[in-house]
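Undergrad: how would this look folded up:
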Amino acid sequence: MTTLAAGSPAYAASSEVYVVHGIPATPVDVYVDGKITLQGFQPGQVAGPLTLPEGTYDIDITKPGEPVSSAILSAQDAAVPGGTNISIVAHLDTDDKPKITPFVNDVSAVPAGKARLVVRHTAAAPAVDVRASGTPVISGLTNPNEAELEVDAGTIDADVVLAGTSTVAIPATELNLAEGSVTVVYAIGSAQAKTLAVVAQVLTGSYTAPEGVDAGDAGLAADRPALGWALAASLGSLLLILGVMKLRAARR
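TA: Sure thing, here's the model as predicted:
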């Protein structure tokens, strides 16, 4: 069972932080400043939001039940800026090696009648296209990038194919996209090891604009890459995280 807990001073500017586990067959415990924060964290799970005040933190990852002194990965003085919504993803890169990628989440208002869908490529796999009910809506997405769409609220079947082909990499998944919601779908796992899968994350903090506000063109809006306007707006925060998330392997 995954548990999530952390204390924070009431006076500090805080951020909402999610942790996404996208590394197959690797359950872990996560410590923040020496205190266990995620216990029995399983591949494919999403934990959070964890409220962390602005500041720097020591993050240690261990095998389940083992102490910080036996950490298998550590990040010392990891910076968390205030006032942001962040997902930190442990996943595989294109060479099947573990890495951590932080994403700044766009939880701004969603137009009336719409839902926001974000797709993040965090799998050890080549470029992919994403289809909604058989129609390509995102093309050439590569690890570790993302694309964002605003779609009509409702249920869609989304699958993942190799870029420019009809070869299915991840079979169709039914997504229920409620009006005003923000849903993030991660492609995780390894193509070589045949462990590709999807993980869905529903974010908190967004809301639907009042009726009568122009919702734009019907159907799917244009996709955008990881450094789209929402991410670019928080680029300084993201760079702070990237600058300190230099993991060092701790051999037992």
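
Undergrad: Give me the pLDDT value at the closest residue to Glu179 other than its chain neighbours.
TA: Leaving aside its chain neighbours, Glu179 sits nearest to Ala153 (3.9 Å; criterion: Cβ to Cβ, 6 or more residues apart in numbering). Where C-beta positions appear, they are placed from N, C-alpha and C, glycine not excepted. For Ala153, the model assigns a pLDDT of 95.

Undergrad: can you give me phi and psi for Ala153?
TA: Phi and psi for Ala153, reported as degrees, to the nearest 10, are phi -60, psi 140.

Undergrad: What's the separation between it and Gly180?
TA: 8 Å (Cβ to Cβ, to the nearest Å).

Undergrad: Find residues that contact each of these two.
TA: 114-115 (Cβ atoms under 8 Å, 6 or more residues apart in numbering).

Undergrad: got the buried residues for stretch 75-95?
TA: Buried residues in stretch 75-95, counting neighbours by 16 or more other Cβ atoms under 10 Å, are found at 75, 78-81, 84-92, 94.

Undergrad: ok now it, how far from the chain's centre?
TA: 9 Å (Cα atoms, centre = their mean, to the nearest Å).

Undergrad: Equivalent analysis for stretch 131-145, please.
TA: With Cα atoms, centre = their mean, you get 16 Å for stretch 131-145.

Undergrad: care to break the protein down by domain?
TA: For the chain, automatic domain parsing gives the domain ranges 3-103+234-249, 108-227.

Undergrad: Can you flag the weakest of those by average pLDDT?
TA: Between the domains of the chain, the lowest average pLDDT goes to domain 3-103+234-249, which shows a mean of 79.

Undergrad: Grab the most central residue of this structure for me.
TA: Centroid-nearest residue in the chain, with Cα atoms, centre = their mean: Ser87, separated by 4.7 Å.

Undergrad: Doesn't that one belong to a strand?
TA: Yes - counting by DSSP: H, G, I helix; E, B strand; the rest coil, one finds Ser87 located in a strand.

Undergrad: What count of nearby residues applies to the closest residue to it other than its chain neighbours?
TA: Spatial nearest neighbour of Ser87, chain neighbours left out: Tyr18 (4.4 Å); criterion: Cβ to Cβ, 6+ apart. Tyr18 is flanked by 21 other residues according to other Cβ atoms under 10 Å.

Undergrad: list the contacts for Ala127?
TA: By Cβ under 8 Å, 6+ apart, the residues touching Ala127 are 140-142, 162-163.

Undergrad: can you tell me how far it sits from Thr94?
TA: The spacing between Ala127 and Thr94, counted by Cβ to Cβ, is 10 Å.

Undergrad: Show me the common contact partners of those two, please.
TA: Contacts common to Ala127 and Thr94, judged by Cβ under 8 Å, 6+ apart, are Thr142.

Undergrad: quick one: Pro43 and Val20 touch, right?
TA: No - using Cβ atoms under 8 Å, Pro43 is not in contact with Val20; the gap is 10.1 Å.

Undergrad: Isn't Ala200 up against Ala187?
TA: No - when contacts are counted by Cβ under 8 Å, Ala200 is not listed as touching Ala187 (11.1 Å).

Undergrad: how far away is His21 from Leu38?
TA: According to Cβ to Cβ, His21 and Leu38 sit 9 Å apart.

Undergrad: Show me whatever sits in contact with both of the two.
TA: Joint contacts of His21 and Leu38 (Cβ under 8 Å, 6+ apart) are 28, 47.

Undergrad: Okay, buried residues for the helix or strand containing the residue nearest to Ser87 please.
TA: Using DSSP states H and E, Tyr18 maps to strand 14-21. Residues of strand 14-21 classed as buried: 14-21 (neighbour count, 16+ other Cβ under 10 Å).

Undergrad: Check stretch 174-194 too.
TA: For stretch 174-194, the neighbour count (16+ other Cβ under 10 Å) marks 175, 177, 180-191 as buried.

Undergrad: Just confirm Ser69 is within a strand.
TA: No - applying three-state DSSP, one finds Ser69 to be helix, outside a strand.
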